[in-house]
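1. the following block contains a protein sequence and its predicted model.
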Amino acid sequence: MCKVMRGGCGVSGSDVVVEYQPYVLRFNAGIAKPDNVLLHELVHALRDMRGLYLTGPAPAGFPNIEELFAVMIEDMYLSAAGRNGEVHLTYTNNADVGSPAELEERFTKRFPVEIAWFIKQLSGLSKQLASLSVPFNPLRRAGAGR
């Protein structure tokens, strides 16, 4: 089980508690493993603490834009860990087929506005992540490191 309990979800941010029990997780198609699930939830927690948590229209393949952001960072982690076969590009956790470069191109073409919004909101973090030499890095492709 893993969930983020939000204190306020407001513009000013809020305290966040991440409840994490790594061996209670339901693993979906072998992709949802304890390490990447924790990272995924920490992305939500960071954005919530900074008052950046967004609601609104859901991008295709996601229940909301926050899940897109968390999956993007999770997929970068999976790629860095050499788990390219687990990169999933959508919230469904179904691994996509293709090389990391093909998946990165597909993701950045599908979600340019959302990626730009993430970069705008977390510019310092985005620049640091864009500088990572990992096979799947849509922040680098979108120019966050410039």
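-> Yep, it's here.
2. make it CA atoms for all contacts and neighbour counts henceforth
-> Noted.
3. other SSEs contacting whichever strand or helix holds residue 104?
-> Using DSSP states H and E, residue 104 falls within helix 100-110. Judged by 3 or more C-alpha pairs under 8 Å, 6 or more residues apart in numbering; DSSP states H and E, the packing partners of helix 100-110 are helix 138-141.
4. CA atoms only for the very next helix or strand once past the helix holding residue 104, dumped as CSV, please.
-> Next helix or strand after helix 100-110 toward the C-terminus (DSSP H and E): helix 112-121. C-alpha atoms of helix 112-121 as CSV (Å, rounded to 0.1, in the frame of the first residue of the first chain):
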residue,chain,number,x,y,z
PRO,A,112,4.7,18.8,-24.9
VAL,A,113,2.4,21.2,-23.0
GLU,A,114,2.4,19.1,-19.9
ILE,A,115,6.2,18.6,-19.9
ALA,A,116,6.6,22.4,-20.4
TRP,A,117,4.3,23.1,-17.5
PHE,A,118,6.3,20.7,-15.2
ILE,A,119,9.6,22.4,-16.3
LYS,A,120,8.1,25.9,-15.6
GLN,A,121,6.8,24.9,-12.1
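5. residue 39 contacts residue 75, doesn't it?
-> No. Using C-alpha atoms under 8 Å, residue 39 is not in contact with residue 75; the gap is 10.1 Å.
6. the two: which is more packed in?
-> Higher neighbour count among residue 39 and residue 75: residue 75, with 26 against 16, using other C-alpha atoms under 10 Å.
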